[in-house]
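Participant: I need the structure of the sequence given here:
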Amino acid sequence: QVQLVESGGGLVQPGESLRLSCEASGFTLDRYAVGWFRQAPGLEREGVLCISSIDGVTYYADSAKGRFTVSRDNAKNTAYLQMNSLKSEDTAVYYCALEQLSCSGNYFAYEYWGQGTQVTVSS
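Facilitator: Numbers count the residues shown, from 1 in each chain. All right, here's what the predicted structure looks like:
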């Protein structure tokens with residue numbers, strides 16, 4: 001059974017950090033690009049960034065540049081989203097998703113989605 005499970009969300013104060021994990025099961029992660037998305041209440045889901053299986057990282061959200069980084073450990077079938085200097089506007093449900101090989105920027109190219117993990121940034 002193909003499954004993606006995000007974890008690591010929680011409540012933090014502005015300026016703090018979180019690391020989210022996206023663990024895949026039922027298939028191997030190495031042939032997929034891993035995208036991270038988020039959805040805040042009342043807003044549409046937006047892309048944050050993506051790490052390809054072949055050609056690096058693509059940032060979808062300018063607000064993530066300089067604060068968020070992404071990595072992957074194919075041996076553990078897991079990808080990570082490191083979020084630093086968090087702001088209240090980063091509050092959202094964060095999702096990971098997979099598409100074949102590279103980061104196309106096409107939302108509809110993502111084949112598999114996790115259930116999401118809540119990140120709340122508040123003082």
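
Participant: how about the closest residue to residue 37 other than its chain neighbours, what does it touch?
Facilitator: In space, and not counting its chain neighbours, residue 37 is closest to residue 95: 4.6 Å by CB to CB, 6 or more residues apart in numbering. The C-beta positions use only the backbone N, C-alpha and C, and glycine is treated the same way. By CB atoms under 8 Å, 6 or more residues apart in numbering, the residues touching residue 95 are 6, 36-39, 45, 113-116.

Participant: Could you pull out the buried residues of the least confident helix or strand in the chain by mean pLDDT?
Facilitator: Least confident helix or strand, the chain: strand 57-59 with a mean of 90, by mean pLDDT, DSSP states H and E. Residues of strand 57-59 classed as buried: 58-59 (neighbour count, 16 or more other CB atoms under 10 Å).

Participant: quick check, distance from that strand to the centre of its chain.
Facilitator: Centre-to-centre, strand 57-59 and its host chain are 11 Å apart (CA atoms, centre = their mean, to the nearest Å).

Participant: on that earlier part again, which among the contacts of residue 95 end up buried?
Facilitator: Among the contacts of residue 95, those scoring as buried are 6, 36-38, 114, 116 (criterion: 16+ other CB under 10 Å).

Participant: Next, give me the two most distant ones among the residues you listed.
Facilitator: Across those, no pair lies farther apart than 38 and 114, at 12.0 Å, counting by CB to CB.

Participant: neighbours around the closest residue to residue 7 other than its chain neighbours, how many?
Facilitator: Take residue 7 and drop its neighbours on the chain: the residue closest to it by CB to CB, 6+ apart is residue 21, 5.0 Å away. Neighbour count for residue 21, taken as other CB atoms under 10 Å: 17.
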